[in-house]
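Asks: Build me a model from this:
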Amino acid sequence: MFSKPNKSVTANMRPEGLEAPARKPIPFSLIAETVTLEGDLSSNGDVQIDGAVRGDLKVTHLSVGETGQIEGSISAETAEIRGLVVGAITAKTIRLHASAKVEGDLTHLQLSIDSGAQFIGRSIQLTPSAPAEGSVAPAAAE
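Replies: Predicted structure coming up:
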């Protein structure tokens with residue numbers, strides 16, 4: 001009744017090809033409206049800025065709320081701006097919402113600027129990655 005289970009039975013309980021569950025997703029980080037951060041910020045996850053940051057940011061996904069203020073450069077996969085940014089933004093996708101005020105250059109693959117957004121700077125569109133040098137293209141069949 002309370003004997004140990006047969007090892008071969010428990011080892012076979014997991015279907016073939018099924019791996020252990022993936023790691024827990026990283027929760028987003030919040031800099032609240034009442035917080036001022038002086039210094040660089042780095043994160044592999046999502047970051048919401050509703051307060052003030054004086055420093056450079058390197059994050060995966062950035063969202064700057066209407067009360068958010070950033071003085072420094074931003075590097076991200078995606079950047080959604082609703083507040084004030086003074087500094088360069090480099091991201092694959094940048095969206096400036098109607099309440100956004102940005103002073104600095106935008107380097108991007110995709111850029112969206114809503115009506116009402118204020119932007120002073122240059123827009124520099126990146127080109128999708130070209131094949132690596134030295135790679136050989138397949139020969140055409142003759």
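Asks: mind showing which ranges of this structure have poor pLDDT?
Replies: Scanning the chain for pLDDT under 70 picks out 1-27, 130-142.
Asks: Tell me where it has helices.
Replies: 7-11 (DSSP state H).
Asks: what bridges to Ser123?
Replies: Note on Ser123: beta-bridge partners by DSSP bridges are Leu106.
Asks: my guess is it contacts His108, does it?
Replies: Yes: counting by C-beta atoms under 8 Å, His108 is a contact partner of Ser123 at 7.3 Å. For glycine as for every other residue, the C-beta is placed from the backbone atoms N, C-alpha and C.
Asks: Comparing the two, which residue is more hemmed in?
Replies: More crowded of Ser123 and His108, by other C-beta atoms under 10 Å: His108, with 20 against 12.
Asks: Contact partners for the residue nearest to the more buried one when sequence neighbours are not counted?
Replies: With sequence-adjacent residues excluded and distances taken as C-beta to C-beta, 6 or more residues apart in numbering, His108 is closest to Ile94, at 4.6 Å. Contacts for Ile94 (C-beta atoms under 8 Å, 6 or more residues apart in numbering) come out as 78-79, 81, 106, 108, 110-112.
Asks: distance of Ile94 from Thr36?
Replies: From Ile94 across to Thr36, the span is 24 Å (C-beta to C-beta, to the nearest Å).
Asks: rewinding a little: farthest pair within the contacts of Ile94?
Replies: Within the contacts of Ile94, two members stand farthest from each other by C-beta to C-beta: Ile81 and Gln110, at 13.8 Å.
Asks: Tell me which of the two has more neighbours.
Replies: Neighbours were counted for Ile81 and for Gln110 using other C-beta under 10 Å; Ile81 has more, 30 against 12.
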